[in-house]
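**Q** Got a sequence here, can you build the structure:
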Amino acid sequence: MVTHIVIFTWIAEVKAEQVQDLQRALNRLAVEFSETATIKHGPDLRFRDVNGSYALIATFADRAAWDAYQADPRHKAVVRDFVTPIQASRLTVQF
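**A** You can find the predicted model right below:
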């Protein structure tokens, strides 16, 4: 199994509507990839000031499934259209 974790920090100018649009897009991905991945995501609860803005955790059966997700045009479109415009930084890890 491969677990993929992404922690995003948004730009200061991010609007709530942009984050909501991203959430809807990620919810669609979770449905579209439900046979090959489990995708959970959400905004930080703001318990600590030093936390990131948003997190995504996805699990895949193996490296091949993760690679397929990374290469999929639907995933790339979400990154391009919803993440990149509001992203200040990101941190990822796979284990």
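**Q** what's the single longest helix in the protein?
**A** For the chain, the helix with the greatest residue count under DSSP state H is helix 16-32.
**Q** Show me what secondary structure element comes after that one.
**A** Per DSSP states H and E, the first helix or strand lying C-terminal to helix 16-32 is strand 37-43.
**Q** on contacts alone, who are the packing partners of that next one?
**A** With contacts taken as 3 or more CB pairs under 8 Å, 6 or more residues apart in numbering; DSSP states H and E, strand 37-43 sits against helix 16-32, strand 54-60. Quick note: C-beta positions are derived from backbone N, CA and C, even for glycine.
**Q** try it again with 6 Å
**A** Under the contact definition 3 or more CB pairs under 6 Å, 6 or more residues apart in numbering; DSSP states H and E, strand 37-43 sits against strand 54-60.
**Q** In CSV, list the C-alpha atoms belonging to the strand it packs on.
**A** C-alpha atoms of strand 54-60 as CSV (Å, rounded to 0.1, in the frame of the first residue of the first chain):
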residue,chain,number,x,y,z
TYR,A,54,-5.1,22.2,3.8
ALA,A,55,-4.3,18.5,3.7
LEU,A,56,-4.9,15.6,1.4
ILE,A,57,-4.3,12.0,2.2
ALA,A,58,-4.7,9.3,-0.5
THR,A,59,-4.1,5.6,-0.3
PHE,A,60,-3.3,3.4,-3.2
